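*Asks:* Got a predicted structure plus its sequence, pasted below:
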Amino acid sequence: MNAPVFAAIGLLSACSLALELVFIRLLSIMFGHAFASMVISLALLGIGAGGIAVRLFRDWLLKRAQASLFLLSVFFAISLFLSYLAAKQLNFNPLAVMWGPEPWAVLAGTYTVLAVPFLCFGAVISLAMSLESERIRWVYGADLLGAGLGAVLASLALYRFMPQACLPFIAAAGLLSSALFAADRPWRMKAMPSLLAIGLGLLFLLPSSAMAPQLSEYKDLARAKLRPGAKTLLQEASPHGVVTLLASPEIPFRFAPGLSPVCSTEPPEQSLVFLNGDLYGALPTGASAAYSEEFVSCLPSQVGYELLEQPEVLVADGVKGLGVAEALGRKIGSIDVVGINQRLLSLIRTPEADTQAGPGESLMGMHTGSLRSFVSRTSRQYDLMQLWSPCSGGACLGSQGLEEGFTCTVQGMTQLYRTLRPGGLIVLSRSLDHPPAASLKLTATVKDALQRSGQSRPERCLALFTSPTSLTILISKGELEASDVQRIGSFCRNRGFSPVHLPGGSHRQADSATSELTRGVAAILGSESESFLAGYPYFIQPATDDSPYFSRFFRWDSLPRIASLLSSGGTSLMQWSYPILIAMLVQAGLAGFILILLPVLIFQRKGRAWKRSGRAALAFVCLGLAFLIIEIAFIQRLLLLVGDPVTAISIALASFLVFAGAGSLSSSRFGLGRAVLAICLLCLVLSAGLLLYAPQLMALAQGVRILSAVAMCGLPAFFMGMPLPLCLAAVSRQAPGWIPWAWGVNGCASVLAPIVATLLAIHLGFLAMIVCGCLCYLAAYLCFRWLDKPSNMAITSGSEQVQ
Amino acid sequence: MVWNASQAMPFQSRLGIGRQMADSMHAVRRLLLLTVVVLIVPVATCLAAGNDTSAQRRAMVETIQSIQADRPIEAGGSIDQAVLQALRTVPRHEFVPEKLKDQAYANKPLPIGYGQTISQPYIVALMTDLLELRPDEVVFELGTGSGYQAAVLSCLASEVHTMEIVPELAETARQRLKRLGFNNVNVLHGDAYFGLKSKAPFDAIVVTAAAGHIPPPLVRQLKPGGRMVIPVGHPFMTQQLTLVSKDSQGSVSTRHLLPVSFVPLTGQH
């Protein structure tokens, strides 16, 4: 093979990774993020299946190698459209999965159709490896470098373009790669991609609705659009998803979470903000950028303004909930707004804020980034911090996902508390959950953070109360005084809110609405906290930076009790995201097992078995798991270091792939043993550094943090790019026909790895992930030493038969 | 059925019957006739509707009875027999799309289009039961959907006013309820946030489309002693119920109820 062919491999890898990112965005809009990850995870089995398919038809394909590569990449380009359109047609409804088998059949169909382009890609790579068994490191290097390039380009494209608009570009690049595969073929073959490219160009002429993701009719946006006269004011791509602004002049939207049931003012005119079709917050649509004082005084989150005079305010995620417009409804000294989504922040209008400021000065500051990252760097202190639902999770446990987040950890809350002035307040509001899980976990986390900040009587710094639909936690820098407690009590009484905890215990429980919550909060703030947390049927131990999964509530020991109630209306008692994760692991494991075992059995029957296939399978499974477990662990740390998740994931993906690609190309200079040793040492040293010096690293300037992130990923990634090509080279020496199979096994393990990594992160934490990753590399090394010994082919640089 | 004068008077005034007429025997006869028409006929309609599926309805109610043992004590123990009778009589299959008719009596929610579902029968039973309706009471429902909940309520109350924001759903439900003879259900299309001032106050209110808060105008339209039920959760997982009660002094209190008995604090795992 020549240079254009390696370029074609790199280009097709770029397309495959870009397609993966675009599909995740499209499926998040259509099905929600949890199912998007699930579908993509299993669709990626297509890569493994492609390897197995090449193993099955190897001889036939090798005879027609160039034509096969050409046609497979053409199929990739065509199938990515067809599979997306087919998935749209199947119209999977994730909400219905617990009510019958039909949605599961649709889900299986969706997996299958989405796997097709990845199968074509997997077949191309494994066929290329079979052709170039002596230059595998070049094939793998081109694959990784291309994937790194694809990650960067797709991330940049998704900043600016709607995800469906990226599909024709990916298809066009796929066709370009097919043209490169056919560089030395007759003109007819060269002409075909050009004709297809023209055909694809026609797709740009299709109405935008034809390619737009099929929004589930149960999504918030779809339901809001049903209002007569509802109109979309804005729909744009943003780094974190598609932002939609919707107005309904005929029947106004009335978004007012936690509004007092005795409020005499109706919510003002609003537009709703949606992110990927899910309701995110609301903005005022009238002439004013602020809500009226009369209206905002009915909201539970306004308690801070009852206790503070003209506070300097920090609002997290200024569009979420009622956001900045709510703060601007009161007299404030100044306001800083922090949010990770710049596009959402740009929707906030500021005229009234500026009229409160003096000439030539603005009292509003906008800061893009995570709240944790902002408070790590700022030297300012605030009187009041307003946070609406900073930790994920709604009123029903059943719908809560499992995402990392560094605001609602003990360390995160401690940093927020440090940024308060003496006498300042943090006001946290969220949906009221029943049975209480997130509310109690948040209370436990805040209590730990207060103790860590030197408050010996944390219960005296806290006040909690509920509206019929929300919980508000007020955290004071210093103990609350009796007069403050009285004012909070009066604030609640006048608005029909129920106190849950007030220092001094002087409150009267208004009704039984929150009795379980009240008892739980009392237990957490009291002396029996530890036994209460340990005995509670949900996992409500405080989240920490090491395992930053605030929204993990699932406990195995509660499962039998909850399972017995599922058929009688108890589905909301189960946190479904955790069993779905386990189901994904089982499903991916089964599919992978079949893909690995079936070909082995077929070939054993035909008498063409490779005796060492078991050992080799173990080694390639370990390699697949190790690479991704370590990569995901570093991505998680980068979320904390860089702040913005999209930037963190893009940097980590690109750095890992590009540096691993470079490592693959240089693998002949290193032995497997040396590479594994370097990986283990670097990972352990860097992860220890990340844990010990996290606050110092987070305080660095943005550019320095990004460079540090690239270096931290790049160093281990360089060596992590070596083991796979070295092991594949060993297979090519012993059983060259089994290279596609090995590639497929590695691909299947890569599908399992993200799920295994998430489970490790949830239960054992970051350091354990790194240790497990290193152990997998060591296991792979031992398998290959054992594998290579009988033929006296030590896998070292000196003995490798690579050119 | 007990029907005394103190209950009848507001009912008469709603029907526009003059005070003078009520004094005469003739008027009493007319009143009785009207009572029969307004109260008995819908019940008879309920009883007569869809005899061929009555076995399925009975089985559905048996399922509900078999799982109500898990109902939390704070939600009032077992479901009232009148509510179960209403579920036995309303032809649920008439309220689901044609292709899902065979699943109409399964204890699960079903999609009806426009991002809405017909609720799980067990949840319908619980919500209706929490309202503790008497035959002379007037109910307001925010979010008509298929009209099934309104039909069940109509078997237990004197009047049901239901408002739907999606015009197509409102029209379909109106025609369906009329065809099935639920004549004491008034289906309206429009913005239900402000309730229905012309028919307020209400003895009971059902809110099936809550958006983060309880609409204060609806709280104001609830009679002293009235009850409001709000299911919480997405369309396929409506599993938490909020009960708002207004006492005789007009004070409002809220309770959050699970359909099953699950008391986390006892830690019985």
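*Replies:* Perfect, thanks for sending it.
*Asks:* Would you give the sheet partners of the strand or helix carrying A:G423, along with the direction of each?
*Replies:* Using DSSP states H and E, A:G423 maps to strand A:420-431. Strand pairing for strand A:420-431, determined by DSSP bridges: strand A:382-388 (parallel), strand A:470-476 (antiparallel).
*Asks:* residues of the helix or strand just after the first one that come out buried?
*Replies:* Yep, that's strand A:382-388 we're talking about. Moving toward the C-terminus from strand A:382-388, the next helix or strand (DSSP H and E) is helix A:410-418. Across helix A:410-418, burial judged by 16 or more other CB atoms under 10 Å in any protein chain shown covers A:V410, A:Q411, A:G412, A:M413, A:T414, A:Q415, A:L416, A:Y417. C-beta here means a position set from N, CA and C on the backbone, and glycine is covered the same way.
*Asks:* Do you have the helices of the stretch 1-150 of chain B handy? List them.
*Replies:* B:5-15, B:19-23, B:25-35, B:41-48, B:54-67, B:81-89, B:121-130, B:148-154 (DSSP state H, counting those that start in this stretch).
*Asks:* quick one: is the longest one near chain A?
*Replies:* Yes: judged by CB under 8 Å from any CB of the partner chain, helix B:54-67 comes into contact with chain A through B:I67.
*Asks:* So which elements touch that helix?
*Replies:* Packing contacts for helix B:54-67, counted by 3 or more CB pairs under 8 Å, 6 or more residues apart in numbering or on different chains; DSSP states H and E, involve helix B:81-89, helix B:121-130.
*Asks:* how about TSV for those helices, with mean pLDDT, distance to chain A and mean neighbour count added?
*Replies:* Shown next, in TSV, are the helices and strands packed on helix B:54-67 (pLDDT from 0 to 100; distance: least, CB to the nearest CB, whole Å; neighbours: other CB atoms under 10 Å in any protein chain shown):
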stretch	mean pLDDT	distance to chain A	mean neighbour count
helix B:81-89	93	15	19
helix B:121-130	90	6	24
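*Asks:* Just put the ones you listed in TSV and tack on distance to B:A59.
*Replies:* Putting the helices and strands packed on helix B:54-67 into TSV (distance: least, CB to CB, whole Å) gives the following:
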stretch	distance to B:A59
helix B:81-89	10
helix B:121-130	11
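*Asks:* do you know which of those helices lies nearest A:R349?
*Replies:* Set against A:R349 and scored by CB to CB, the helices and strands packed on helix B:54-67 come closest in helix B:121-130, at 41.1 Å.
*Asks:* To what extent is the residue in the stretch 1-150 of chain B positioned nearest to chain A buried, counted in neighbours?
*Replies:* Nearest residue of the stretch 1-150 of chain B to chain A, counting by CB to the nearest CB: B:I67, 3.6 Å away. Counted with other CB atoms under 10 Å in any protein chain shown, residues neighbouring B:I67 total 19.
*Asks:* buried sites along the helix or strand harbouring A:L144?
*Replies:* Take DSSP H and E as the rule and A:L144 turns out to sit in helix A:136-160. For helix A:136-160, the buried set under the neighbour-count rule, 16+ other CB under 10 Å, comprises A:136-155, A:157-158.
*Asks:* could you pull out the helices for the stretch 51-200 of chain A?
*Replies:* Under DSSP H, counting those that start in this stretch, the stretch 51-200 of chain A gives helices at A:58-63, A:65-90, A:102-131, A:136-160, A:163-181, A:187-203.
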